[in-house]
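1. Only the shape, not the letters, is given here:
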């Protein structure tokens, strides 16, 4: 493999990471329907599970344990912080050539939640 080929592969991986990180960030911050679950409400639900798990039958205990594990994971995800501006900058730098190389259309970017403003700044147009 030539050095140019290795550099192209490394650039492609870096672009893929930048695009993936931004898409995951906008997905995580997308408004959801219904009542918002806060870390406090999830911790209260864990406390209820812990209080009643001792009296539960085997199958109910199994479901309570899984609910508790899901809530702990949701709390960790809710409390995770990231710099959306930095991710957006990385996306803008990478998305144009990544999308061209992978034949990703403007409509596909929009459907996964990328704003028109970000696409414009990335040099991706409707045509």
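-> Arrived safely. Source: prediction; values computed, not measured. Numbers count the residues shown, from 1 in each chain.
2. Closest to the mean position in this protein, which residue would that be?
-> Residue closest to the mean C-alpha point of the chain, counted by CA atoms, centre = their mean, is residue 24 at 2.3 Å.
3. List the contacts of that one.
-> For residue 24, no contacting residues are found, by CB atoms under 8 Å, 6 or more residues apart in numbering. Using the backbone N, CA and C atoms, a C-beta is placed for each residue, glycine as well.
4. Name the helix or strand for it, please.
-> Assessed by DSSP states H and E, residue 24 sits inside helix 3-28.
5. next one: residue 76
-> Secondary-structure element containing residue 76, defined by DSSP H and E: helix 58-79.
6. Residues in contact with that helix: which ones?
-> With CB under 8 Å, 6+ apart as the test, helix 58-79 has contacts from 28, 37-39, 42-43, 45-46, 49-50, 52-53, 56.
7. list the buried ones in that helix?
-> For helix 58-79, the neighbour count (16 or more other CB atoms under 10 Å) marks 64, 68, 71, 75 as buried.
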